[in-house]
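Novice: Sequence and predicted model, in that order:
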Amino acid sequence: MEPIRIELTIGWSMGSVNCYLFTHPEVILIDAGVKSEACWAELVDGLAANGVAVGDISRVVVTHPHVDHFGLAGRIVAESDATVWISELGAPWLTDMPAMWAARMAYYRRDLLPPVGLPPKTNEAILRDMKGLAAAADPVPAERVVTFRADGLLQMGGRGWRVIHTPGHAAAQTVFYQPETRQLLSADMLLAVTPAPVIDHPAPGEKRAPALPLFLRSLAAMETLAVDTVHPGHGRPFGDHHEVISRQRARILGRQAQCLDLIRDGRTTIPELLDQMYAHQPPESRVAGLWMLIGYLDLLLADGAIVEEMLGDVTHYRAV
Ligand SMILES: [Zn+2]
């Protein structure tokens, strides 16, 4: 059987997020919206439209530990006997949520944001938004969490789904692929529009993983799959995933080239590059492009096309 899409309204990102339902042989919900009364009501209605209730759910399977995908998991387990399944890479975000958010925010505040050189009040706004996100999910009791391997196999809807680890948008992103029916539950790895990479804090003493280069590698992995239907984390299911992937890759490489041209023209800091690369946006909205821009810079650094150096307190980029 095909997974049944239940679309839930959220107040940011693309306006809605999908969960997917299998009703047989057991009731499995893939992803679980954000923590809000509106989302909960839509979930309850969506389940009822398919003849099931929250209490019937035996498993919630989480694709990646972002709040719009697991925000209601804690409430579901409180109102059912369900367990929550997530890859071992993502599990700490469910069971150890306050510590994970504290670590991410400390990394952004201390390490990631200051050398970017944006005004302090912009950095504060970024951290405030992050705090808001942290409140959009309940933790899940550890004894209700079951972990699976990021290269494992899940039984859902009477078939085996391959788990594939696809870092980029999230370090712990997994997608689920069903080879016989050629279906891909792609979560936020493959959407109709490229999702911004979310920078995860590195383990203590390590460097951060460059998210956009990882995303491109994961896109290439998705390209090798034989897929008839992509069931994405946001938006409607779609068919031609090769076309979607080529388009996204071309756009990323085009923007990367544009970024290099600007650096050659003497825009050497992120604030200067943001103003140029996102000139089509009003100045106060350009910061939303920060994560993609850091990604383009990561790609250029990885290619050896630019080097970075600290001048004063701010990172400058130079073409080589
Ligand atoms: Zn999402």
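Specialist: Sure thing, it's come through. Everything numeric in this text was worked out from a predicted model, so none of it was measured.

Novice: For the rest of this, base every contact and every neighbour count on C-alpha atoms.
Specialist: Fine.

Novice: Can you show me the strands along the stretch 51-200 of the chain?
Specialist: Counting by DSSP state E, counting those that start in this stretch, the stretch 51-200 of the chain has strands at residues 59-61, 83-87, 145-148, 153-156, 159-165, 174-178, 183-187.

Novice: and residue 118, which of those strands is closest to it?
Specialist: Residue 118 sits nearest to strand 183-187 of all the strands of the stretch 51-200 of the chain, at 31.4 Å, using C-alpha to C-alpha.

Novice: In PDB, list the C-alpha atoms belonging to that closest one.
Specialist: The C-alpha trace of strand 183-187 is given here as PDB (Å, rounded to 0.1, in the frame of the first residue of the first chain):
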ATOM      1  CA  GLN A 183       8.600   4.700  -3.600                       C
ATOM      2  CA  LEU A 184      10.700   7.100  -1.700                       C
ATOM      3  CA  LEU A 185       9.700   8.800   1.600                       C
ATOM      4  CA  SER A 186      12.100  11.600   1.100                       C
ATOM      5  CA  ALA A 187      11.400  13.800   4.100                       C
END
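
Novice: returning to what we had before: include mean neighbour count, mean pLDDT and distance to residue 300 when you put the strands of the stretch 51-200 of the chain into JSON lines, please.
Specialist: Putting these into JSON lines (neighbours: other C-alpha atoms under 10 Å; pLDDT from 0 to 100; distance: least, C-alpha to C-alpha, whole Å) gives the following:
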{"stretch": "strand 59-61", "mean neighbour count": "26", "mean pLDDT": "98", "distance to residue 300": "36"}
{"stretch": "strand 83-87", "mean neighbour count": "25", "mean pLDDT": "98", "distance to residue 300": "31"}
{"stretch": "strand 145-148", "mean neighbour count": "18", "mean pLDDT": "98", "distance to residue 300": "35"}
{"stretch": "strand 153-156", "mean neighbour count": "18", "mean pLDDT": "98", "distance to residue 300": "36"}
{"stretch": "strand 159-165", "mean neighbour count": "19", "mean pLDDT": "98", "distance to residue 300": "24"}
{"stretch": "strand 174-178", "mean neighbour count": "25", "mean pLDDT": "98", "distance to residue 300": "26"}
{"stretch": "strand 183-187", "mean neighbour count": "24", "mean pLDDT": "98", "distance to residue 300": "27"}
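
Novice: Let me see the ranges of the helices in the stretch 51-200 of the chain.
Specialist: For the stretch 51-200 of the chain, the helices defined by DSSP state H, counting those that start in this stretch occupy 67-70, 73-78, 91-95, 97-107, 120-134.

Novice: who does the fourth one touch, helix- and strand-wise?
Specialist: Under the contact criterion of 3 or more C-alpha pairs under 8 Å, 6 or more residues apart in numbering; DSSP states H and E, helix 97-107 touches helix 120-134.

Novice: So the chain: which segments form each domain?
Specialist: 97-134, 247-319 (automatic domain parsing).

Novice: Now those domains in CSV, please, with extra columns for distance to residue 240, mean pLDDT and mean neighbour count.
Specialist: Formatted as CSV, those follow (distance: least, C-alpha to C-alpha, whole Å; pLDDT from 0 to 100; neighbours: other C-alpha atoms under 10 Å):
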stretch, distance to residue 240, mean pLDDT, mean neighbour count
domain 97-134, 32, 95, 15
domain 247-319, 11, 96, 16
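
Novice: Just the buried positions in stretch 213-224, please.
Specialist: 213, 214, 215, 216, 218, 219, 222, 223 (16 or more other C-alpha atoms under 10 Å).

Novice: Quick one: residues contacting the last one.
Specialist: Read that as residue 223. Going by C-alpha atoms under 8 Å, 6 or more residues apart in numbering, residue 223 touches 241, 242, 245.

Novice: Quick check: the gap between it and residue 183.
Specialist: 13 Å (C-alpha to C-alpha, to the nearest Å).

Novice: now swap in the fourth one and tell me
Specialist: Relative to residue 183, residue 216 is positioned 21 Å away (C-alpha to C-alpha).

Novice: May I have the beta-bridge partners of residue 310?
Specialist: residue 315 (DSSP bridges).
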